[in-house]
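Trainee: got a predicted structure here, sequence first:
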Amino acid sequence: MSDTLMRKLAKPMLFAAAFIWGSSFFIMKDALDNMPVQYLLAIRFTAGAVLLGLLCLKKWKTVFTPDYLWRGAVIGAFLYTAYTVQTYGLAWTTPSKNAFLTAVYCVIVPFLYWLIVHIRPDKFNILAAVLCVAGVGLVSLNGGLSVNGGDALTLLCAVFYASHIVAVAKVSPGRDIYLLTVFQFAFAALYAWIGGLCFETFPAAALSQSSVLLPLAYLSVMATTVALLFQNVGQVWSDPASASVILSLESVFGVLCSVLFAGDEVSGRMLARFALIFVAVVCSETKFSFLRPAGKKDPH
């Protein structure tokens with residue numbers, strides 16, 4: 001595909017990834033009732049590596065170089081750690097809270113990117129981050145201004161998600177993002193299989209149940225293979241700060257799906273969260289250019 005077409009497709013890919021992930025929160029919550037965390041992740045990432053590896057068969061001889069191994073190992077480690085911490089957090093909190101708290105990574109990305117790549121965030125990145133923090137506060141803080149163990153783990157996972165986004169931006173230039181994603185999945189699967197073999201019992205009985213296999217298939221194909229590929233490809237043609245804010249919409253989609261399919265209640269605070277996240281996305285994507293007179297540039 002041409003560079004112009006890929007730039008046009010980048011943002012829709014990121015929005016699609018956010019929607020797929022948002023729809024997966026309550027599905028993953030159900031899967032966790034029957035599957036241990038490490039084996040759930042191991043199967044997801046193995047399926048992703050195999051499916052995408054088959055689609056990239058022609059690239060193995062023409063594109064592959066040994067440095068894909070260490071690059072895949074690095075971003076695979078961040079991805080595996082983020083998913084592991086998030087999945088454990090989901091076991092101890094609600095899907096809607098897990099979805100919203102995960103979105104705090106959009107606050108961290110521009111500042112972490114500044115630290116690593118030395119590109120300073122602009123005032124609109126900072127404003128979008130503040131709006132996201134406000135939305136996260138509405139969902140995470142209870143009457144006693146505290147968070148539970150599941151909330152704390154989910155917030156920690158946001159740090160690893162932010163690190164993953166910055167790592168992809170750092171190691172992907174000049175490499176085929178499709179093949180690099182194959183190695184990312186493969187190494188994440190390797191780490192999860194090791195974790196499962198060391199700390200968990202293989203769920204042979206659960207894998208014979210259709211109530212487990214169907215959610216696992218959705219998580220493997222859509223929430224892993226398709227969504228993470230869309231994220232990686234979309235990131236190549238977007239700046240990390242903008243990509244992270246778009247991806248934070250998964251929290252909005254997560255709550256919507258939890259309300260529609262898992263019975264979570266709608267509240268005024270939930271609507272306020274929607275509004276804050278929406279304004280943060282508009283701020284990041286448009287920098288409120290539509291509010292300025294035609295032809296007048298923002299002075300920064």
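Mentor: Thanks, I have it. Residues are numbered from 1 along each chain as shown.
Trainee: next, the buried residues of stretch 171-189.
Mentor: In terms of neighbour count (16 or more other Cβ atoms under 10 Å), stretch 171-189 has its buried residues at 171-172, 175-189. (C-beta placed from N, C-alpha, C; glycine too.)
Trainee: any idea how far it is from the chain center?
Mentor: Put simply, stretch 171-189 sits 16 Å off its chain's centre (Cα atoms, centre = their mean, to the nearest Å).
Trainee: got the CA positions of it in CSV?
Mentor: As requested, the backbone C-alpha atoms of stretch 171-189 are provided in CSV (Å, rounded to 0.1, in the frame of the first residue of the first chain):
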residue,chain,number,x,y,z
VAL,A,171,12.1,-0.3,17.5
SER,A,172,9.8,-0.5,14.5
PRO,A,173,11.2,2.2,12.1
GLY,A,174,12.8,0.6,9.1
ARG,A,175,11.3,-2.8,9.9
ASP,A,176,8.3,-4.6,8.4
ILE,A,177,5.7,-4.1,11.1
TYR,A,178,3.8,-7.2,10.1
LEU,A,179,6.7,-9.5,10.6
LEU,A,180,7.9,-7.7,13.7
THR,A,181,4.4,-8.3,15.2
VAL,A,182,4.8,-12.0,14.5
PHE,A,183,7.9,-12.1,16.7
GLN,A,184,6.2,-9.9,19.3
PHE,A,185,3.4,-12.5,19.6
ALA,A,186,5.8,-15.4,19.6
PHE,A,187,8.0,-14.0,22.4
ALA,A,188,4.9,-13.0,24.5
ALA,A,189,3.6,-16.5,24.0
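Trainee: so what does the helix or strand that Ala227 is a member of touch, helix or strand wise?
Mentor: Applying DSSP states H and E as the criterion places Ala227 in helix 227-236. When contacts are defined as 3 or more Cβ pairs under 8 Å, 6 or more residues apart in numbering; DSSP states H and E, helix 227-236 sits against helix 3-32, helix 149-171, helix 177-199, helix 240-247.
Trainee: quick one: Ala134 from Val107, how far?
Mentor: 10 Å (Cβ to Cβ, to the nearest Å).
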